[in-house]
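> show me the folded form of this:
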Amino acid sequence: MIGTGITPSEPGSAQGMILVVDDIDSARAELAERGVGISEVQDMEWGSRHALFEDPDGNSWQLQAPAR
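Residues are numbered from 1 along each chain as shown. Prediction:
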């Protein structure tokens, strides 16, 4: 959940959230162009692809494209 006052959790306490996209290369490029420090896309042995980043509050995210 994103917003102010929605949850009692402290900013930066959410770890390992997953954002699934169809085109991980384009999504990663757009985040990088907007100044987000994001890892290179990694191909996983089970077929999916992912890249890791943190939002400004320090929450960790995994950008993921499912195996096709």
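> in this structure, which spans are helices?
In the chain, the segments counted as helices under DSSP state H are 24-33.
> can I assume Gly12 is in contact with Gly58?
Yes: under the criterion of C-beta atoms under 8 Å, Gly12 makes contact with Gly58 at 3.2 Å. For every residue, glycine as well, the C-beta is placed using N, CA and C.
> state the distance from the closest residue to Ser39 other than its chain neighbours to Thr4.
Nearest non-adjacent residue to Ser39, counting by C-beta to C-beta, 6 or more residues apart in numbering: Leu52, 4.6 Å away. Distance, Leu52 to Thr4, by C-beta to C-beta, to the nearest Å: 25 Å.
> tell me which stretches of this protein form strands.
According to DSSP state E, the chain carries its strands in the segments 17-20, 42-43, 49-54, 60-65.
> contact partners of the shortest one?
For strand 42-43, the surrounding residues in contact (C-beta atoms under 8 Å, 6 or more residues apart in numbering) are 49-51.
> quick one: mean pLDDT for it?
Strand 42-43 shows a mean pLDDT of 94.
> partner strands of that strand and their direction?
Sheet pairing of strand 42-43 (DSSP bridges) gives strand 49-54 (antiparallel).
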